[in-house]
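K.L.:
after the sequence you'll find the predicted model.
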Amino acid sequence: MRVTITQLREMKQRGERIAMLTAYDFPFSKIIDEAGVDIILVGDSLGNVVLGYENTLPVTMDEMLHHTRAVVRGTQRALVVFDMPFLSYQVSLEDAIRNAGRAIKETGCHAVKLEGSGDYVVKIVSTFVRMGIPVMAHLGLTPQSVHQLGGFKVQGRALQQARQMIDDALQLQAAGAFSIVLECVPTKLARIITERLEIPTIGIGAGKYCDGQVLVLHDMFNISMRTPPRFVKVYADIRKYMYNGTKKFIQEIKTGAFPTEEHSFSIPDTVIRRLQKNGNKRKKK
Ligand code: KIV
């Protein structure tokens, strides 16, 4: 059975923590789905993590659609969330509706996520929800505004900023968001927001009091090719395994140790003899 947004709210009520991870392709989403993750976010972190861009800003709708389709194919249980890329919802409400509609129709995902707050974003959230599209909001460090924020920094440390974030969270909840990601938010502020909301908060660098936690999958396995931010915990060093495996492969090719009989296919000797005979005959002619 697929996880639903209703179940996520019930998990908050029961005090059961929500586990969310990003994924961008079929095999990785299949592995984490089978392991039992509750939500899979096809993050626009796709840009820097998988496509080699400097940040998330260049990511297009087409790239997100392509990768989300693969992720959905890999899942049976997790709720799959499509991260709306930069400029897919900022230009106009009409554009936002068209792009969120495409995400749902063309990928089979179950919800969308968008960054930010304020009247315009709140309007988008309430419009999507009225259309039947569940929305996950995203406050704190919102990477699509990295230049406006002056870098990847903790948000909400000053009183005014902290108050604003609490208000923003309440407004997004009132607009119908089913959950809010809090990124790089001080632990105690994230706790206040979490306690004031009825919908679950999902933290990333926001401490232990959020209702759930999310990590970028490639950070967690040390394959994101960047120095992981402080809030990342590396659960398995897959990069080391891949590097060492590749080194061994190269060495075995060079020495002829691979492939062996075990990795090769046979053919009856009679066939080979006939081939060799025919070959000789042809040469004689
Ligand atoms: O794009 C992403 O991976 C995200 C998470 C960091 C929440 O937005």
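P.N.:
Right, received. Where do you want to start? Residues are numbered from 1 along each chain as shown.
K.L.:
for the ligand, what's the nearest residue on the chain?
P.N.:
Nearest residue of the chain to the ligand: Gly43, at 2.3 Å (Cβ to the nearest ligand atom). Heads up, the C-betas are built off the backbone N, CA and C, glycines and all.
K.L.:
check contacts around that residue.
P.N.:
By Cβ atoms under 8 Å, 6 or more residues apart in numbering, the residues touching Gly43 are Thr22, Tyr24, Val49, Thr56, Asp83, Val216.
K.L.:
now the phi/psi pair for it, please.
P.N.:
Taking degrees, to the nearest 10, you get phi -70, psi 150 for the backbone angles of Gly43.
K.L.:
just the contacts of Gly43: which are in strands?
P.N.:
Among those, the residues falling in strands (DSSP state E) are Thr22, Asp83.
K.L.:
now the helices for the stretch 1-150 of the chain?
P.N.:
Using DSSP state H, counting those that start in this stretch, the helices found in the stretch 1-150 of the chain span residues 5-14, 26-35, 46-49, 61-73, 93-107, 119-131, 146-149.
K.L.:
distance from the fourth one to the middle of the chain?
P.N.:
Using Cα atoms, centre = their mean, to the nearest Å, we find the averaged C-alpha position of helix 61-73 to lie 11 Å away from the chain's own average C-alpha position.
K.L.:
next one: the second one
P.N.:
For helix 26-35, the separation from the chain centroid amounts to 12 Å (computed by Cα atoms, centre = their mean).
K.L.:
and it, what does it pack against?
P.N.:
Contact analysis of helix 26-35 by 3 or more Cβ pairs under 8 Å, 6 or more residues apart in numbering; DSSP states H and E lists strand 39-42, helix 61-73 as its packing neighbours.
K.L.:
change it to 6 Å
P.N.:
For helix 26-35, the packing partners by 3 or more Cβ pairs under 6 Å, 6 or more residues apart in numbering; DSSP states H and E come out as helix 61-73.
K.L.:
buried residues in the helix it packs on?
P.N.:
For helix 61-73, a neighbour-count test (16 or more other Cβ atoms under 10 Å) marks Met61, Glu63, Met64, Leu65, His67, Thr68, Ala70, Val71, Val72 as buried.
K.L.:
stretch 74-85 now?
P.N.:
Here stretch 74-85 shows Gly74, Thr75, Ala78, Leu79, Val80, Val81, Phe82, Asp83, Met84, Pro85 as buried, counting by 16+ other Cβ under 10 Å.
K.L.:
does it reach the ligand?
P.N.:
Yes. Using Cβ under 6 Å from any ligand atom, stretch 74-85 reaches the ligand at Asp83.
K.L.:
what is the end-to-end distance of that stretch?
P.N.:
22 Å (Cα to Cα, to the nearest Å).
K.L.:
stretch 50-61 now?
P.N.:
Stretch 50-61 has its terminal residues 15 Å apart, counting by Cα to Cα.
K.L.:
buried residues, it. List them.
P.N.:
The neighbour-count check on stretch 50-61 (16+ other Cβ under 10 Å) flags Val50, Asn55, Thr56, Leu57, Val59, Met61 as buried.
K.L.:
ramachandran coordinates for the fifth one?
P.N.:
Okay, so that is Val59. phi -60, psi 130.
K.L.:
so which of the helices of the stretch 1-150 of the chain is the most packed in?
P.N.:
helix 46-49 (a mean of 22; mean count of other Cβ atoms under 10 Å).
K.L.:
does the ligand have contacts with that one?
P.N.:
No. Helix 46-49 is not in contact with the ligand by Cβ under 6 Å from any ligand atom; minimum separation 7.2 Å.
K.L.:
for that helix, give the mean pLDDT please.
P.N.:
Averaging pLDDT along helix 46-49 gives 96.
K.L.:
now that helix: how far from the chain's centre is it?
P.N.:
Distance of helix 46-49 from its chain centroid, counting by Cα atoms, centre = their mean, is 9 Å.
K.L.:
what packs against it?
P.N.:
Applying 3+ Cβ pairs under 6 Å, 6+ apart, one finds that helix 46-49 contacts no other helix or strand.
K.L.:
if we go to 8 Å?
P.N.:
In this structure, helix 46-49 packs against helix 61-73, with contacts taken as 3+ Cβ pairs under 8 Å, 6+ apart.
K.L.:
what sits up against the helix it packs on?
P.N.:
The contact list for helix 61-73, computed with Cβ under 8 Å, 6+ apart, reads 23-26, 29, 40, 42, 44, 46-47, 50-51, 80, 82-85, 88, 99, 102-103, 106-109.
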